[in-house]
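**Student:** with the input below, show me the fold.
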Amino acid sequence: MHTLTRTVRFAVGSGSDARGVNGFAGNPHVRGLDRHYELQVSCRGSVDPVTGYLIDIKAIDRAVRDRVVPLFDHAVTTNTSPAALLSQTTDTLRSLPAPLLAVRLFITPYHSIEMAAMDPTTVLLRQRFDFSAAHRLHSPSLSDDENRSLYGKCNNPRGHGHNYVVEPAVRCTPDTLSLADLEAITDRVIIQPFDHKHLNEDTNEFNVAKGGVLPSVENIAQVFFSRLAPALAQHPSKPTLERITVWETDRTCATYPS
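**Tutor:** Below is the predicted model:
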């Protein structure tokens, strides 16, 4: 079995006469202050031995631009919720010539909502946050020379800093957990306690002398999951934190659990 994901970008607000030729940036393209969206359509199935395709991506493009974009045009004028719009989109794309796996809508570059074709009763919300912090990687189980050899500059005795990015992925029923609630809970239990801190010295979770763990990006993701999951579970809608991803640079991230 294979999974193929096609990203389709488009703008709504100007009508079908705004069609262009630049699918990379968005087609229909933006005119004035149109709204720009990115839709990821994933299909799963067997590859055709003749064509080598799971599905012709042009079929996905046509379905989105001909049948989904009008749904968005209507939704932005009727104040339809993102979850309701995603449900309509998922139903519309079930007729693709390959089994639909999931549809993920990027409302902004940092906030998305995803619906699985087999489970339209729940959605997966993602939102990104950032914070700045210093840390030092130094294992008490290793000698000073071993620490310097293993961690290099990250073993600097005075530490070093990162601009971290955090993305929780939260499973909930549609329209029950607002983005404002997700942001408030994440800010309270993750961002505020760790932002502009020296993780080794200012937090118990990463102070090895006090029973904490080394502040590697892998351990940071696990600690953040353990803090955020129970806090989200206290929300009246009982959402579930499926995973959390932490980037320490734009090239290095860790996800827990994976």
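**Student:** shaky segments in the chain?
**Tutor:** 14-18 (pLDDT under 70).
**Student:** how is the chain partitioned into domains?
**Tutor:** The chain is divided into the following domains under automatic domain parsing: 2-118, 128-256.
**Student:** dump the ones you listed to CSV, plus mean neighbour count.
**Tutor:** Every residue, glycine included, has its C-beta placed from N, CA and C. Below are the domains of the chain laid out as CSV (neighbours: other Cβ atoms under 10 Å):
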stretch, mean neighbour count
domain 2-118, 16
domain 128-256, 16
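**Student:** tell me who's in contact with Y53.
**Tutor:** V47 (Cβ atoms under 8 Å, 6 or more residues apart in numbering).
**Student:** helix or strand for it, just tell me which one.
**Tutor:** Following DSSP states H and E, there is no helix or strand that holds Y53.
**Student:** give me the distance between it and D66.
**Tutor:** 20 Å (Cβ to Cβ, to the nearest Å).
**Student:** the stretch 51-200 of the chain: helices as residue ranges?
**Tutor:** Counting by DSSP state H, counting those that start in this stretch, the stretch 51-200 of the chain has helices at residues 57-63, 69-78, 82-93, 144-151, 179-186, 192-194, 199-202.
**Student:** which residues touch K153?
**Tutor:** Taking Cβ under 8 Å, 6+ apart, one finds H160 in contact with K153.
**Student:** nope, A63 is what I was after
**Tutor:** Counting by Cβ under 8 Å, 6+ apart, A63 touches 92-93, 95-96.
**Student:** repeat that with 6 Å
**Tutor:** Residues in contact with A63 (Cβ atoms under 6 Å, 6 or more residues apart in numbering) are L93.
**Student:** please apply the same query to the one 3 residues further on.
**Tutor:** Residues in contact with D66 (Cβ under 6 Å, 6+ apart): none are found.
**Student:** sounds good, over and out.
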